[in-house]
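Q: after the sequence you'll find the predicted model.
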Amino acid sequence: MEKINIVVCSNNTEYKVALKNKLVDENIAIIGYADIEPGARVRIQGFVPDVVAFLMNNDEIDEDFFDFVDGLGLSSFGAAAVVLTEKVTVDLVNQAAQAGIRQVMDIAVGGEQFCDNINSIVSRERKFAPQSSAEKKTRSGVYAFFSGKGGVGKTTICTNSAVSLASRGKKVLLIDLDLQFGDADMALDVVPNETIVDLARDTNGVSIDNLTTCCTSHSSGLSLLSSPSSPELAEYVGQGTVKQILDVARNYFEYILVDCGCQLTDPVITAIEGADYVFMVNDVNILSLKRAKLCLNVLQQINQKEKVRLVVNKNLKKNSVRIEDFENLLGLPAYAVIASDFKTVNTSLNNGQPAITFKPRAAISRDIAGFVDKIVLEREGEAGLKQKTKRFGK
């Protein structure tokens, strides 16, 4: 059965934790959280969930709440709303049904019963709305590229992956979140007129119009939101800005790639928390191995370890540190292995063109293409791989 994705909406942290503990069915997963407030609409819609679970006190369930649920337009993408509260009454159930809420449950419901209820609700939704169900398979994907060590080739892999996706006709946003020393613009040979700082300082807030205005277009078709033009400007970009950018972008882009800095700052942690997957990029040496273990420990402490996928870059046939060493120490299988190809990377950078289009038959280009194939396959299935790569020049 297709996985069931839930977005949890509550202003009560204890309720959120309680619901997470109810997920005894591996087929049901929480993909995001939101507060119950007007600004959360964009965030909830961007996740394109199967179920939106509202956890709240009875006195919070009023006409304003029902108007909020109605304004989400959940039926437009085949999602169902459920409410969990402390006191379930006949009047409440009737009011909820009139507002399109599929079920009202006691907040103390057991894990097995909750999962059975969710499975039943989603089965009915998918039966009567097959078209909406198909659209869910193409929900936006947010991918954070992170490493605790510089010089591992994180930006090279991130930018080349973004170009590969865009060249396949995907709608791609690349966010350079290395706020002090990001150079995705140089890797793509573009000159941004505006950056993420301009977006953060816009008094009108983050909207899709402001976002696209601050982006720079690359010849492949991807949109780049560049890092600040000078390191001291990084302070203008806080975690709130990053959260808003991801929430808005999810509604308009198929793939959102975030090139994170090498430090776990608040903006980077926010991006990791908002991502579907975190690609931890490492080159094959003992220092990178040590940093990877330290970073993974931190990500585990903030409950993000399950998102982490290991990417090993600059792999050589003969090396004293092996891929197996990373897998054993981190407890993660290698999601992707990228060949060491300094000549191709250096030449392509100096020529102002990503390696994957500069020398598509080079070892590194083939490995990145395979990495992107895997991402597309997981998100879209075989149909997503059938789109032909378009040719483009510098």
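A: Perfect, I can see it now. Numbers count the residues shown, from 1 in each chain.
Q: what about the nearest residue to residue 294 once chain neighbours are set aside, distance to residue 216?
A: Of all residues not flanking residue 294 in the chain, residue 148 sits nearest, at 6.2 Å (Cβ to Cβ, 6 or more residues apart in numbering). Every residue, glycine included, has its C-beta placed from N, CA and C. Residue 148 sits 28 Å away from residue 216, going by Cβ to Cβ, to the nearest Å.
Q: cool, residue 93 as well?
A: Taking Cβ to Cβ, one finds residue 93 at 52 Å from residue 216.
Q: higher neighbour count, these two?
A: For residue 93 versus residue 216, neighbours defined as other Cβ atoms under 10 Å are more numerous around residue 216 (19 against 14).
Q: correct me, but that one touches residue 190?
A: Yes. Counting by Cβ atoms under 8 Å, residue 190 is a contact partner of residue 216 at 5.0 Å.
Q: mutual contacts of these two, please.
A: When Cβ atoms under 8 Å, 6 or more residues apart in numbering defines a contact, the residues bordering residue 216 and residue 190 alike are residue 224.
Q: let's test this: mean pLDDT of stretch 334-344, rounded?
A: Throughout stretch 334-344, pLDDT has a mean value of 91.
Q: again with stretch 78-96
A: Here the average pLDDT along stretch 78-96 is 93.
Q: how far out from the middle of the chain is it?
A: Distance, stretch centre to chain centre, for stretch 78-96: 30 Å (Cα atoms, centre = their mean, to the nearest Å).
Q: ok, residues contacting it?
A: Contacts of stretch 78-96 (Cβ under 8 Å, 6+ apart): 15, 19, 48-58, 61, 66, 69, 72, 74, 100-109, 117-118, 121-122, 125-126, 129, 131-133, 135-136.
Q: tell me where the stretch 201-350 of the chain has strands.
A: Secondary structure of the stretch 201-350 of the chain (DSSP state E, counting those that start in this stretch): strands located at 216-217, 223-225, 255-260, 277-283, 308-315, 334-339.
Q: these: which one's closest to residue 28?
A: Minimum separation from residue 28 across these (Cβ to Cβ) falls at strand 277-283, 18.5 Å.
Q: now the helices for the stretch 101-250 of the chain?
A: Using DSSP state H, counting those that start in this stretch, the helices of the stretch 101-250 of the chain run over residues 111-128, 130-136, 154-167, 184-188, 196-200, 208-214, 239-249.
Q: between these, which gets nearest to residue 351?
A: Closest approach to residue 351 among those (Cβ to Cβ): helix 184-188, 11.7 Å.
Q: just to revisit the earlier point, buried deepest among the strands of the stretch 201-350 of the chain, which one?
A: Neighbour counts (mean count of other Cβ atoms under 10 Å) averaged over each of the strands of the stretch 201-350 of the chain peak at strand 255-260, with a mean of 28.
Q: remind me which residues of the chain are low pLDDT?
A: Across the chain, the ranges flagged by pLDDT under 70 are 1, 128-139, 317, 386-394.
Q: residues touching the residue nearest the centre of it, list them.
A: Geometric centre of the chain, nearest residue: residue 142, 2.1 Å, by Cα atoms, centre = their mean. Residues near residue 142 by Cβ under 8 Å, 6+ apart: 246, 250, 256, 258, 274, 275, 276, 277.
Q: how close does the second one get to residue 276?
A: Distance check for residue 250 against residue 276: by Cβ to Cβ, it reads 10 Å.
Q: what about those two, which has more around it?
A: The neighbour comparison of residue 250 against residue 276 (other Cβ under 10 Å) goes to residue 250, with 24 against 18.
Q: beta partners for residue 9?
A: For residue 9, the beta-bridge partners are residue 34, residue 54 (DSSP bridges).
Q: dump the residue contacts of it.
A: Counting by Cβ under 8 Å, 6+ apart, residue 9 makes contact with 33, 34, 35, 36, 40, 44, 52, 53, 54, 55.
Q: pretty sure residue 362 is touching residue 338, no?
A: No. Residue 362 is beyond contact range of residue 338, at 11.2 Å (criterion: Cβ under 8 Å).
Q: tell me which of the strands of the stretch 201-350 of the chain lies nearest to residue 205.
A: Each of the strands of the stretch 201-350 of the chain has some distance to residue 205 by Cβ to Cβ; the shortest is strand 223-225, at 15.4 Å.
Q: now that closest one, how far from the centre of its chain.
A: Counting by Cα atoms, centre = their mean, strand 223-225 is centred 16 Å from the centre of its parent chain.
Q: do a quick rundown of the strands in the stretch 1-150 of the chain.
A: 4-9, 28-34, 51-55, 80-85, 101-106, 141-146.
Q: okay, the ones you listed in a markdown table with distance to residue 159 next?
A: Below are these laid out as a markdown table (distance: least, Cβ to Cβ, whole Å):
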| stretch | distance to residue 159 |
| --- | --- |
| strand 4-9 | 29 |
| strand 28-34 | 26 |
| strand 51-55 | 35 |
| strand 80-85 | 39 |
| strand 101-106 | 43 |
| strand 141-146 | 9 |
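Q: residue 371: which of these is closest?
A: Closest among the strands of the stretch 1-150 of the chain, using Cβ to Cβ: strand 141-146, at 10.7 Å.
Q: just the helices of the stretch 101-250 of the chain: most buried one?
A: Highest mean neighbour count among those (mean count of other Cβ under 10 Å): helix 154-167, with a mean of 26.
Q: does anything pack onto that helix? Which helices or strands?
A: Helices and strands touching helix 154-167, as assessed by 3 or more Cβ pairs under 8 Å, 6 or more residues apart in numbering; DSSP states H and E, comprise strand 141-146, strand 172-177, helix 184-188, strand 255-260, strand 277-283, strand 308-315, helix 355-358, helix 363-380.
Q: thank you, goodbye.
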